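Asks: Show me how the following folds:
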Amino acid sequence: MTATSVGILNLVLGMVYTGYGVMTAIEMRRNWRTMGFSHAGAAWITMAFTCGPHHFVHGVHILLEGRTGGPLDLVAVLVGFPAGVIWFLLRLEAFFGGRGDRFIAGTPGWVAAIPFAAGIYVGVMVAIVAGSSMVGLGALASALPNLLLVVVYSVIGFYLVRTQLANRRPLGGWSVSGVALAVIFPTCALMHGAYAYYVITGRYADDGHGLAVDWLAVPAGIYFVWVVQALYRGTFRDWNSTGRALPGSAGLAVRPG
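Replies: Residues are numbered from 1 along each chain as shown. Coordinates of the predicted model:
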């Protein structure tokens, strides 16, 4: 049951992120002539076309090739899955001319509980990893890209979370799309951490397809970090960025300018 759930959730996430990459590519092509190149759009495309295949390949290996999806993997995906789907549906709405976001006035209890839930979540995962005696350093090379992605996605998540916190007071509330996006990247970091853990412990065998995708994801993630930092600091402006934490378009959530 655990393996099937992990496989199905990864397949859905693979389709969601790849679909978002397709939408962003269409928008860039549509607006290129009048508005020029968009680093934000390009960063999203490279991220989507590496995140999507990672989840898709992982799901296929579990459902069709007998890979045993682990409980740590399931917990990581279950936490990130709702945020990813909500954000994608809002993005899809915007793509077809709709609002693309919802506003939450004030700070409801469920929003206030997110930091505490995140702390418990991270603590449980760290405890499980620390309590393992099956770590094999020989598999560290295969896990390296995922370990690097843990760092990269954590940095991206830091900027997005900081932006949401900075915008809460002037906006008087929260952007659903922005909050979802701020949840996605930290949970992506934990997903890759869980994946790396299972590679190192031998639960997930060497996978040439997944390894190739994950190595491609590393420079894509670094490019994404560069774009997020540049937009946050005002180094350049990008038509594909909202300029605030309301990413109803393909843009990145950055601080108010």
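
Asks: May I ask which helix or strand of this protein has the lowest mean pLDDT?
Replies: helix 109-112 (a mean of 65; mean pLDDT, DSSP states H and E).

Asks: Go through stretch 22-36 and flag the buried ones.
Replies: 23-25, 27-28, 31 (16 or more other CB atoms under 10 Å). C-beta here means a position set from N, CA and C on the backbone, and glycine is covered the same way.

Asks: Now the two most distant members of those.
Replies: 23 and 31 (12.6 Å; CB to CB).

Asks: in the stretch 51-200 of the chain, which segments are predicted with low confidence?
Replies: Applying pLDDT under 70 to the stretch 51-200 of the chain flags residues 108-112, 114, 121, 125, 128-138.

Asks: Grab the nearest non-local neighbour of residue 210.
Replies: Leaving aside its sequence neighbours, residue 210 sits nearest to residue 57 (CB to CB, 6 or more residues apart in numbering; 5.0 Å).

Asks: Skip ahead from the helix or strand harbouring the one you found and say which helix or strand is next.
Replies: Using DSSP states H and E, residue 57 maps to helix 39-65. Of the helices and strands lying after helix 39-65 in sequence (DSSP H and E), the nearest is helix 71-95.

Asks: the inter-axis angle of that following helix versus helix 39-65?
Replies: 130 degrees (axes from the mean of the first three to the mean of the last three CA atoms, to 10 degrees).

Asks: so the strand or helix carrying residue 177 versus helix 39-65, what angle?
Replies: Assessed by DSSP H and E, residue 177 sits inside helix 176-200. When the same axes, to 10 degrees is applied, the directions of helix 176-200 and helix 39-65 differ by 50 degrees.

Asks: and helix 176-200, what other elements does it pack with?
Replies: helix 71-95, strand 103-105, helix 114-130, helix 140-171 (3 or more CB pairs under 8 Å, 6 or more residues apart in numbering; DSSP states H and E).
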